[in-house]
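Student: Structural data only, the sequence is not supplied:
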C-alpha cells in the first residue's frame with residue numbers, strides 16, 4: 001500500500017486525486033455529448049415507432065373502408081312469434097344474401113331417432129349374449145362375458161375416429177333392478193339410425209329392433225318459405241334462402257313469420273368514421289412533431305404532403321363516376337383534418353349504394369394513399385423500418401465509441417495517479433534530505449557562551 005503522504009499530496013501540499021478527477025472530468029465532454037446523442041436517437045426511434053403505429057391503424061382503416069366487408073354486411077329481422085311469444089326461428093345472413101322479404105312457416109322440427117332396450121337386472125353383470133351387430137355400418141363384437149355397460153362402451157368406441165357411427169349409447173337406470181340401454185342418433189332426420197344383427201341376435205335379445213323400442217322416431221324439418229315446402233334433415237338450414245342460415249326453434253302450424261334481409265349500411269358508416277379518425281390522428285401527430293423529436297424530419301414532411309394530395313384527389317374526383325368524396329360527405333378543414341358527415345354518407349348509401357361503394361373502393365386518391373402506406377410499412381424494406389435500423393446502428397456505434405473513450409480515460413487516470421505518486425515520493429525524499437542537511441548545519445554552528 002502506498003504511503004498516505006504519497007497518495008494524498010501531503011508532501012507537496014497538493015490534493016492530486018482531486019486534480020486528476022478534474023483533468024479526467026474535463027476530458028469527459030465528448031462522452032457526455034455522445035450520451036446526449038444516444039438519448040436523442042432513442043427518442044427519435046420511439047417517436048418513429050409511435051408514428052408507425054398510427055400509420056398501421058390508418059392503413060387498416062383505409063383497407064376496411066375499401067373492403068367488401070364494409071359494404072356487404074347484412075341485417076336480418078324476424079317479425080312474428082309462435083304462441084306464448086316463443087321464437088319460431090333465428091337467422092343470420094352472409095354477404096351473398098340478397099336484400100328481400102320472405103314469409104316462413106315452420107311446420108315441423110327435425111328430430112333425432114332414439115331407442116331403448118328392454119330392462120336388464122344389472123348394468124355390470126354378464127348378459128350371456130354373444131355375436132356381432134352393426135350400427136350405421138360399424139361392426140361391433142360382443143362376448144358372453146360382456147355386461148350392458150360393456151356393450152354401451154363398445155358402441156361408443158365405434159362412434160370415434162375418422163368414420164364415427166353417429167350413434168351414442170347411454171344407460172338409463174329406471175329402478176335398482178331395471179337398466180336400459182339407450183341409443184341416440186347424433187344427427188337429426190328421418191334417416192335415423194341403421195341397426196342390424198349380423199351374427200347372432202344381441203340386438204334382438206335386447207329388444208332394440210322391436211318397434212316398441214323407439215322412444216322418438218327420426219324426422220325431417222318441414223318449412224314453408226313463400227308458399228314453397230322445403231324438407232331438410234337438420235333444424236339448421238343454410239341452402240334454402242341464398243346467403244341466409246335459418247335455425248328453426250318452434251314448429252307451429254299456421255304461424256307465419258316475416259324474415260327481412262337488408263343491407264347494414266352502418267358498417268360502412270362506421271368504417272368511414274374509423275378511417276377519418278385514423279387519418280386525423282396522423283395529422284395531429286405530424287403537427288405536434290413540428291416541435292418534437294422528429295422536427296424537420298423529411299419522411300414526415302413528404303408523408304404530410306402526399307397524404308393531403310391523396311385525400312384531396314378523393315374529394316374532388318372520386319372514382320370517375322357521378323359521386324365524389326365530397327358528395328359522400330367527406331371534407332377537409334383548413335388545418336388539414338378530415339371530416340365525414342355521417343348522415344350524408346348514410347343517405348348516399350341508401351340512394352346510390354353501388355355508386356357510393358365504387359367511389360370509396362376504387363377512388364384513385366385512396367388507392368394512392370393505401371399504396372403509400374404499404375410502402376412505408378413494408379416489413380424490412382419499408383422506409384420506417386430502414387430509419388429504425390439506421391438509428392439502432394447509430395446508437396450501437398455511439399455506445400462502442402463511449403466504451404472506448406471510457407477505457408482510454410481510465411488508463412489516463414491511472415497513468416496520472418502513477419506520475420503524481422512518483423512525484424510525491426521524490427518531493428518527500430528531497431524534503432527528508434533537506435531536513436537532514438539543516439540539522440547537520442545547525443550542529444556545526446559554535447555554541448554561544450553565557
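Tutor: Sure thing, it's come through. Everything quoted here is computed from the prediction, not taken from an experiment.
Student: tell me what the helix ranked longest in the chain is packed against?
Tutor: The helix that spans the most residues within the chain, counting by DSSP state H, is helix 383-444. Helix 383-444 is packed against helix 4-8, helix 16-26, helix 29-66, helix 298-317, helix 364-377, with contacts defined by 3 or more CB pairs under 8 Å, 6 or more residues apart in numbering; DSSP states H and E. Glycine gets a C-beta too; all of them are placed from N, C-alpha and C.
Student: Now render those helices as a markdown table, adding distance to residue 160 and mean neighbour count.
Tutor: As requested, those are exported to a markdown table (distance: least, CB to CB, whole Å; neighbours: other CB atoms under 10 Å):
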| stretch | distance to residue 160 | mean neighbour count |
| --- | --- | --- |
| helix 4-8 | 86 | 15 |
| helix 16-26 | 78 | 13 |
| helix 29-66 | 43 | 16 |
| helix 298-317 | 57 | 17 |
| helix 364-377 | 47 | 18 |
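Student: Compare those and say which comes out lowest on pLDDT.
Tutor: Lowest mean pLDDT of the helices and strands packed on helix 383-444: helix 4-8, a mean of 45.
Student: And the nearest residue to residue 284 once chain neighbours are set aside, what's its pLDDT?
Tutor: In space, not counting the residues next to it along the chain, residue 284 is nearest to residue 337; the distance is 7.9 Å by CB to CB, 6 or more residues apart in numbering. Model confidence at residue 337, given as pLDDT, is 93.
Student: how about the strands in the stretch 101-250 of the chain?
Tutor: Counting by DSSP state E, counting those that start in this stretch, one finds strands in the stretch 101-250 of the chain at the ranges 114-116, 131-135, 138-142, 167-175, 178-185, 195-200, 214-216, 221-225, 228-232, 236-237, 244-248.
Student: Buried ones in the fifth one, by neighbour count?
Tutor: By that I understand strand 178-185. Counting neighbours by 16 or more other CB atoms under 10 Å, one finds that the buried residues in strand 178-185 are 179, 180, 181, 182, 183, 184, 185.
Student: what mean pLDDT does it have?
Tutor: According to the model, strand 178-185 has a mean pLDDT of 97.
Student: repeat for the fourth one
Tutor: Averaged across strand 167-175, pLDDT comes to 97.
Student: May I have the phi/psi pair for the closest residue to residue 125 other than its chain neighbours?
Tutor: If you skip the residues right next to it in sequence, residue 125 has residue 147 as its closest partner in space, 5.7 Å away by CB to CB, 6+ apart. Dihedral angles of residue 147 (phi, psi; degrees, to the nearest 10) stand at phi -100, psi 180.
Student: Let me know the distance separating residue 147 from residue 103.
Tutor: From residue 147 over to residue 103 the distance is 54 Å, taken as CB to CB, to the nearest Å.
Student: residue ranges of the helices in the stretch 201-350 of the chain, please?
Tutor: Using DSSP state H, counting those that start in this stretch, the helices of the stretch 201-350 of the chain run over residues 202-205, 265-288, 298-317, 342-351.
Student: mind putting those helices in JSON lines, distance to residue 240 included?
Tutor: Rendered in JSON lines, the data for the helices of the stretch 201-350 of the chain read as follows (distance: least, CB to CB, whole Å):
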{"stretch": "helix 202-205", "distance to residue 240": "37"}
{"stretch": "helix 265-288", "distance to residue 240": "25"}
{"stretch": "helix 298-317", "distance to residue 240": "41"}
{"stretch": "helix 342-351", "distance to residue 240": "28"}
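Student: rewinding a little: so who does the residue nearest to residue 125 touch?
Tutor: Under the criterion of CB atoms under 8 Å, 6 or more residues apart in numbering, the contact partners of residue 147 comprise 122, 123, 124, 125, 126, 127.
Student: What's the local residue count around residue 336?
Tutor: Summarising burial for residue 336: neighbours were counted as other CB atoms under 10 Å, giving 16.
Student: Show me the shaky parts of the protein.
Tutor: Screening the chain residue by residue with the criterion pLDDT under 70, one finds the ranges 1-16, 318-322, 428, 446-450.
Student: now do 50
Tutor: 1-7, 449-450 (pLDDT under 50).
Student: hang on, the earlier thing: so which of the helices and strands packed on helix 383-444 is nearest residue 245?
Tutor: Taking CB to CB as the criterion, helix 29-66 is the member of the helices and strands packed on helix 383-444 that comes nearest to residue 245, at 24.1 Å.
Student: ok, then the element right after that closest one?
Tutor: With elements assigned by DSSP states H and E, the helix or strand that comes after helix 29-66 is helix 68-71.
Student: Strand partners (parallel or antiparallel) of the helix or strand just after that next one?
Tutor: Sequence order places strand 74-79 as the next helix or strand after helix 68-71, per DSSP H and E. Each strand pairing with strand 74-79, determined using DSSP bridges, is listed with its direction: strand 256-263 (antiparallel).
Student: how far is the partner strand from where the chain is centred?
Tutor: What separates the centre of strand 256-263 from the centre of its chain is 34 Å, taken as CA atoms, centre = their mean, to the nearest Å.
Student: which residues does residue 224 contact?
Tutor: 104, 105, 107, 230, 256.
Student: can you check residue 332 too?
Tutor: Remark: with contacts taken as CB under 8 Å, 6+ apart, residue 332 is in contact with 308, 311, 312, 315, 338, 339.
Student: Kindly report the same for residue 99.
Tutor: Residues in contact with residue 99, defined by CB under 8 Å, 6+ apart, are 74, 261, 262, 263.
Student: who's the first one bridged to?
Tutor: What that stands for is residue 74. Beta-bridge pairing for residue 74 (DSSP bridges): residue 263.
Student: and what of residue 105?
Tutor: Here residue 105 sits in beta bridges with residue 224, residue 256, going by DSSP bridges.
Student: does it really touch residue 222, like I thought?
Tutor: No. Under the criterion of CB atoms under 8 Å, residue 105 is not in contact with residue 222, lying 9.1 Å apart.
Student: who has more neighbours, the two?
Tutor: With neighbours defined as other CB under 10 Å, residue 105 and residue 222 compare such that residue 105 has more, 21 against 18.
Student: residues near residue 155, how many?
Tutor: The burial count assigned to residue 155 is 21, neighbours taken as other CB under 10 Å.
Student: Done for today, thanks.
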